[in-house]
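Colleague: Sharing a model that was predicted from the sequence below.
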Amino acid sequence: MAEVKSTLVCAVILLSSAVFALVEDLDDTFKDSRMDDVWLVDFYAPWCGYCKKLEPVWQEVGAELKGSGSPVRVGKIDATAFAGVASEFGVRGYPTIKLLKGELTYNYKGPRTKDDIIEFANRVAGPAVRSLPSKQMFDHVMRRHNILFVYVGRDSPLKEKYMEVASELIVYTYFFAASEDVLPKEVTIPELPAVVVFKDGAYFTYDEYQDSSLSSWINKERFLGYLQIDGFVLYELGETGKLVAMAVVDEKNLTEDSIRLKTLVQRVSTEYRDHFTRDIQFGHMDGNDYINGLIMGEVAVPSFIILNTSNEQYFLPSGPLETMDQLLSFINSVLDGTAQAQGGDSIFQRVRRLAYDAKSTVMSVFQTSPVLGCFLFGLPLGVISLMCYGICTAETDDGAEDLEPLKREGLTDEEDDDEGQRQPMELEGPGARARASRRRRSPSLTRKPINAGVRC
Ligand SMILES: *[C@@H]1O[C@H](CO)[C@@H](O)[C@H](O)[C@H]1NC(C)=O
Ligand SMILES: *[C@@H]1O[C@H](CO)[C@@H](O)[C@H](O)[C@H]1NC(C)=O
């Protein structure tokens with residue numbers, strides 16, 4: 001019995017060490033030997049919480065890629081211990097996930113789940129442009145992908161351009177090439193060669209004259225016409241340079257108004273595609289927490305908002321949008337510049353963002369741990385108050401001056417003001433989402449910081 005037990009323990013140890021070996025621990029010799037293989041590397045810091053969260057996922061990624069016979073080798077490197085390697089690869093935050101393929105390096109910015117990471121590795125490790133030699137292959141990929149970029153035609157300068165763009169944008173989507181005879185019969189392309197995108201139950205052709213560069217066209221077309229938008233998606237949409245027009249609804253409690261608004265936005269995205277596709281991305285967002293953090297204010301649910309991710313401005317309609325005409329005229333007023341923009345990236349807005357973020361941080365400390373909050377903020381405030389009291393009673397009897405030093409140091413709540421905008425560049429990662437959702441107002445805590453300090 002004891003023997004069986006110890007064999008079992010041995011087996012478990014062997015097994016777990018085998019699993020562990022599927023992710024290779026790298027050091028600074030790595031950069032010399034890496035060229036022969038495709039590598040998926042996690043640059044981590046030992047103290048970073050998100051890195052610790054990624055660790056078990058990373059082990060699974062290693063196991064699954066190895067198990068599926070993928071040529072991709074999975075590794076991890078302590079970016080603080082091997083800072084030279086990390087800086088050579090331009091690592092600025094932790095964890096950073098990169099796929100290294102010869103001279104090319106690709107950053108992974110998507111959700112840190114096993115399936116997403118593996119999909120990324122398989123896509124990017126393969127050829128930048130995959131050929132579709134038969135009708136069956138075409139139908140197969142058509143069923144699997146809801147957005148499909150296909151180069152149609154023989155070799156040409158356009159194809160070279162396409163390959164070049166694909167080798168960069170493969171981080172986002174797949175690229176295919178096919179000859180005209182493998183396309184479905186109902187697809188007619190006026191002129192070959194062509195780059196075509198199949199999506200939203202239709203297909204659209206790249207137009208060199210109207211669409212500017214191929215890479216910016218692909219960047220704009222790599223999203224469905226109508227999207228469910230969250231922080232990650234919004235961040236990615238920034239690269240398209242389009243305005244983001246969305247319904248803010250509560251998916252768990254879809255009222256009649258919400259459904260009507262969502263349907264209207266959906267209809268505009270398809271019925272007016274040709275009209276708006278170059279300028280606007282449509283979609284909806286579940287819940288208003290994220291948007292509230294973004295605009296440092298509060299939008300109603302449901303509501304409609306248009307964001308300009310390039311300059312951090314946003315537009316809200318003055319009344320409810322209940323008909324197609326109302327929605328269209330609001331969108332047009334934003335496009336022709338007559339709608340009133342709010343927010344922006346001026347110095348004033350940046351200062352407000354700083355104040356807003358500082359306040360949110362203080363509030364989230366109080367919410368998660370009031371005792372710590374009192375200790376961190378109450379103690380210094382108490383000391384300052386006592387000092388002020390001492391100074392003021394020594395020189396004058398006018399207690400009103402007590403407040404002045406606090407005001408100057410920004411410890412009172414003067415900038416409690418609700419408009420403005422969050423910088424889209426900060427949208428990265430689930431941290432921002434968590435931060436945004438933590439942002440709930442708690443006026444009693446911020447209104448009178450001196451009292452809060454004293455109460456503790
Ligand atoms: C759903 O939303 C309506 C309107 O905002 C509200 O009156 C109702 O209480 C909500 N129901 C639930 C289950 O949250
Ligand atoms: C969005 O911001 C960019 C960059 O500042 C600007 O050029 C563009 O006109 C803005 N779009 C709208 C509709 O305000």
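Modeller: Arrived safely. Ligands and ions are numbered 1, 2, ... in the order given.

Colleague: So which bits of the stretch 201-350 of the chain are right by ligand 2?
Modeller: Leu243, Asn308, Ser310, Asn311, Val334, Leu335 (CB under 6 Å from any ligand atom). Every residue, glycine included, has its C-beta placed from N, CA and C.

Colleague: rerun at 5 Å
Modeller: For the stretch 201-350 of the chain, the residues in contact with ligand 2 (CB under 5 Å from any ligand atom) are Asn308, Ser310, Asn311.

Colleague: Restricted to buried residues, select these in ChimeraX.
Modeller: Of those, the buried ones go into a single ChimeraX selection, burial set by 16 or more other CB atoms under 10 Å:
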select :308
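
Colleague: can I get the residues of the stretch 201-350 of the chain next to ligand 2 in a markdown table with secondary structure and pLDDT?
Modeller: Converted to a markdown table, these look like this (DSSP: H, G, I helix; E, B strand; the rest coil; pLDDT from 0 to 100):
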| residue | secondary structure | pLDDT |
| --- | --- | --- |
| Asn308 | strand | 94 |
| Ser310 | coil | 88 |
| Asn311 | coil | 87 |
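
Colleague: Export the residues of the stretch 201-350 of the chain next to ligand 2 to JSON lines and append columns for distance to Glu236.
Modeller: Rendered in JSON lines, the data for those read as follows (distance: CB to CB, whole Å):
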{"residue": "Asn308", "distance to Glu236": "16"}
{"residue": "Ser310", "distance to Glu236": "14"}
{"residue": "Asn311", "distance to Glu236": "18"}
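
Colleague: I'd like to know which of the residues of the stretch 201-350 of the chain next to ligand 2 is nearest to Ala86.
Modeller: Nearest to Ala86 among these: Ser310, at 30.6 Å, using CB to CB.

Colleague: And the residue lying closest to the closest one once chain neighbours are set aside, what's its pLDDT?
Modeller: Spatial nearest neighbour of Ser310, chain neighbours left out: Gly241 (6.1 Å); criterion: CB to CB, 6 or more residues apart in numbering. Note for Gly241: predicted pLDDT of 88.

Colleague: where's Tyr94 relative to ligand 2, distance?
Modeller: Between Tyr94 and ligand 2 the distance is 31 Å, computed by CB to the nearest ligand atom, to the nearest Å.

Colleague: now Ile170
Modeller: Using CB to the nearest ligand atom, we find Ile170 at a distance of 28 Å from ligand 2.

Colleague: thought that residue was touching Lys101?
Modeller: No. Contact criterion CB atoms under 8 Å: Ile170 and Lys101 do not qualify, at 9.7 Å.

Colleague: which neighbours do those two share?
Modeller: Shared contacts of Ile170 and Lys101, defined by CB atoms under 8 Å, 6 or more residues apart in numbering, comprise Val124.

Colleague: Surely Tyr356 touches Leu294?
Modeller: No. In this structure, Tyr356 is not within contact of Leu294 by CB under 8 Å, at 10.6 Å.

Colleague: between these two, who's got more neighbours?
Modeller: Using other CB atoms under 10 Å as the criterion, Tyr356 and Leu294 rank with Leu294 on top: 28 against 22.

Colleague: Just to be sure, that one is in a strand?
Modeller: No. According to DSSP: H, G, I helix; E, B strand; the rest coil, Leu294 belongs to no strand; its state is helix.

Colleague: And the pLDDT for it?
Modeller: For Leu294, pLDDT reads 86.

Colleague: What's the local residue count around the residue nearest to Leu264 when sequence neighbours are not counted?
Modeller: Spatial nearest neighbour of Leu264, excluding adjacent residues (CB to CB, 6+ apart): Leu327 at 5.2 Å. Using other CB under 10 Å, Leu327 has 21 neighbouring residues.

Colleague: shouldn't Leu327 be in contact with Gln266?
Modeller: No. Between Leu327 and Gln266 there is no contact under CB under 8 Å: 11.0 Å.

Colleague: Mind splitting this structure into its structural domains?
Modeller: Domain assignment for the chain, taken from automatic domain parsing, gives 15-110, 130-220, 224-343, 347-455.

Colleague: How far does the second one stretch from one end to the other?
Modeller: Domain 130-220 has its terminal residues 21 Å apart, counting by CA to CA, to the nearest Å.

Colleague: Now the helix or strand containing Glu164: buried residues?
Modeller: In this structure, Glu164 sits in helix 157-169 according to DSSP states H and E. Neighbour counts using 16+ other CB under 10 Å place Leu158, Lys159, Lys161, Tyr162, Val165, Ala166, Ser167, Leu169 of helix 157-169 among the buried residues.

Colleague: Now do the fifth one, the pLDDT please.
Modeller: At Val165 the predicted local confidence, pLDDT, stands at 96.

Colleague: before we move on, what about the third one?
Modeller: With respect to pLDDT, Lys161 scores 97.

Colleague: isn't it right next to Trp217, touching?
Modeller: No. At 11.2 Å, Lys161 does not count as touching Trp217 under the criterion of CB under 8 Å.

Colleague: dump the residue contacts of the one residue in the stretch 151-300 of the chain that gets nearest to ligand 2.
Modeller: Closest to ligand 2 within the stretch 151-300 of the chain is Leu243: 5.8 Å, counting by CB to the nearest ligand atom. With contact set as CB under 8 Å, 6+ apart, Leu243 has these partners: Asp279, Ile280, Gln281, Ile306, Leu307, Asn308, Thr309, Val334, Leu335.

Colleague: least trustworthy helix or strand in the chain by mean pLDDT?
Modeller: Scoring the helices and strands of the chain by mean pLDDT, DSSP states H and E places helix 443-447 at the bottom, with a mean of 26.

Colleague: Identify the residue spatially nearest to Glu64, adjacent ones excluded.
Modeller: In space, Glu64 is closest to Ile118, 5.8 Å off (CB to CB, 6+ apart).
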